[in-house]
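Colleague: sequence plus the predicted model coming up.
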Amino acid sequence: MNLMEAQQTIAKQLEQVLLQFDQVDLTTSQIADLIEVPKNSDLGDFAFPTFQLAKQLHQVPVKIAQQIVADLDSSAFTKVVAQGPYVNFFLQRPAIVTQTLATVVTTGEHFGDQQTGQQARIVIDMSSPNIAKPMSMGHLRSTVIGNSIAKILAKLDYQPIKINHLGDWGTQFGKLMVAYKKWGNEADVKRDPINSLQKYYVKFHQLDQKYPELDEEARAWFRKLEAGDEEATHLWQWFRDESLKSFTKVYDELGVQFDSYTGEAFYNDKMAEIVDLLQQKGLLQESKGAEIVDLGPDLPPALIKKSDGATLYITRDLAAALYRKRTYHFAKALYVVGSEQSVHFEQLKAVLAKMGYAWSEDIEHIKFGLITAGGKKLSTRQGRVILLENVLQDSVTLARQQIDEKNPTLADKETVAHAVGVGAVIFHDLKNNRTDNFDFQLEEVVRFEGETGPYVQYTHARAMSILRKAAQQSDDKVAWEQVDDNTWEIAKLLADFPRIIQQAGTQREPSVIAKYALRLAKAFNHYYAHTKVLVADAQLAARLQLVQAVAIVLKEALNLLGVQAPDEM
């Protein structure tokens, strides 16, 4: 019996006992939902509170708990006792630990795999940097959150499709073209494309309030681009090609890949159909020369076309949503985009619903909070940008320095430093609840102690080191005879991994995995501090089995976050 089966056994046995009370009508699953895990293992492994039954039975909870214990078949447990208003269950620990650890070791990296998704397709719109702008720390969240959600969903047997919806269209290109024509030169752009283009863009926004005619020039250039003007198209293609080279470098560093790079420009010839459909369904209205869809009192109207005929994000996103449904036949479409865009996605769903598309309900906005630096929001326009590529390089350098101090003879030091440095940045992002804002300080991120990625990686490396030093290999056929509290805590955490994955997938919340990895790492380090593992006695094989099981699950937890787990550090 494993822990999940134990909880089901408890629920079924409680259901049988409660059948004698006519006033009580609880199903097995309802009882299972009420079962708790006591904070102190001295109080048992599971506990059933009787407060909810008190009103129905007109008895005090303490008496109900005593009656349940008297009538319950306790043969499947070490003991069952009434403790105040709780019925506390003590499990047969050796049997459960034996089965749990054997399952982890024999299943390996596939431990926790589930068939929930049945290969249903889930489209994930993620990362989506703007062309001709460097990838800043502001792009990190969408990229790593989306990547981790994709990995978690794949573990649950969904088929994730990662789309990088590049910001490769819009009035910003008109601004960039004006800036390049006025202050740029080809040699600078060829030598250092992204930083040069970024400098021009910032300069435009420094001057456009003083010289409002710049904005009109920018709009004119964008209209030329939309009309297919040769020079405008050449500049746009050049900016896009150079940007993609730069982005790919960063994605390679992060270990992130995409199934599609179709950006906003891809939908240029697909928006006319959206406008036609809205007209046919009588949804388009004119407002001050613009065309809108009225969404009632709870949402602002969706602006489909400006008075000058220019399209907007919503028009493009409607075209993208329809294209993706037709192309991928998705079960869900996730948009990993900052919280500040909440209204936009409510509008998107509302317009699609008005168009008669029931699948609008399958669209989810996976919102996330801001990364700040020194408490201040990052801003491209104001030139307050922390370049993601620089952060990753600095993080790897810090990791290398610490490895030099702790393990100067380590082989393949550069590869390990890269895995630790990049992993530290990813883990730090994902350990935070995705809707929370957080301030980024590199020195706090790349530490081998505390709640950090390197701490979890180091714990995995420690487990692997123990296995290498062992005179014998771990054995999945070990029968545990005695189980101390430290071993039991680890076994319970390992057994909980499949539920953790399911929870992270349902909530679209990678921090559930990150926080779990920290708990398991801490529990293992506590075990290691109080247990001599490499002692040649009758329990050595059992202890090695536990070490191997921890190493397997830590590595897979990190993998689900998009973080590597070096075997040596």
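Modeller: Noted; the coordinates are in hand. Numbers count the residues shown, from 1 in each chain.

Colleague: all helices for the stretch 151-300 of the chain, in order.
Modeller: For the stretch 151-300 of the chain, the helices defined by DSSP state H, counting those that start in this stretch cover 171-183, 186-191, 193-207, 213-226, 230-254, 271-280.

Colleague: wait, I meant the stretch 451-569 of the chain
Modeller: For the stretch 451-569 of the chain, helices defined by DSSP H, counting those that start in this stretch occupy the ranges 453-469, 485-495, 497-507, 511-530, 540-561.

Colleague: for the closest residue to Trp238 other than its chain neighbours, list the residues it contacts.
Modeller: Spatially, and ignoring its direct neighbours in sequence, Trp238 is nearest to Val189 (7.8 Å; Cβ to Cβ, 6 or more residues apart in numbering). To be clear about C-beta, it is placed using only N, CA and C from the backbone, and glycine gets the same treatment. When contacts are counted by Cβ atoms under 8 Å, 6 or more residues apart in numbering, Val189 touches 180, 196-197, 238, 242.

Colleague: list just the nearest of the residues you listed to Ile426.
Modeller: Using Cβ to Cβ, Glu242 comes nearest to Ile426 of those, at 26.0 Å.

Colleague: wait, the closest one sits on Arg191?
Modeller: No: with contact defined as Cβ atoms under 8 Å, Glu242 does not reach Arg191; the gap is 11.0 Å.

Colleague: who's more crowded, the two?
Modeller: A direct count of neighbours by other Cβ atoms under 10 Å for Glu242 and Arg191 places Glu242 higher, at 19 against 10.

Colleague: distance check, that one against Gly374.
Modeller: 30 Å (Cβ to Cβ, to the nearest Å).

Colleague: so, low pLDDT: which residues of the chain?
Modeller: For the chain, applying pLDDT under 70 flags the ranges 1, 310-311, 375, 378-385, 474-476.

Colleague: show me how it divides into domains.
Modeller: 3-91, 390-561 (automatic domain parsing).

Colleague: would you turn those into CSV with distance to Gln118 and mean neighbour count?
Modeller: Converted to CSV, the domains of the chain look like this (distance: least, Cβ to Cβ, whole Å; neighbours: other Cβ atoms under 10 Å):
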stretch, distance to Gln118, mean neighbour count
domain 3-91, 21, 16
domain 390-561, 13, 19
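
Colleague: any chance you could list what contacts the host helix or strand of Ala70?
Modeller: Per DSSP states H and E, Ala70 falls inside helix 61-71. The contact list for helix 61-71 (Cβ under 8 Å, 6+ apart) reads 14, 17-18, 20, 48-51, 53-54, 57, 80-87.

Colleague: next: stretch 229-249.
Modeller: Residues outside stretch 229-249 that contact it (Cβ under 8 Å, 6+ apart) are 129, 131-135, 166, 168, 173, 176-177, 180, 189, 193-194, 197, 221, 224-225, 261, 265, 389.

Colleague: which of the residues in stretch 116-131 are buried?
Modeller: Within stretch 116-131, the residues that qualify as buried by neighbour count (16 or more other Cβ atoms under 10 Å) are 117, 121-131.

Colleague: quick one, phi/psi of Asp259?
Modeller: Note on Asp259: its backbone torsions stand at phi -90, psi -20 [degrees, to the nearest 10].

Colleague: give me the distance between it and Lys367.
Modeller: The value you get for Asp259 to Lys367, if Cβ to Cβ is used, is 22 Å.
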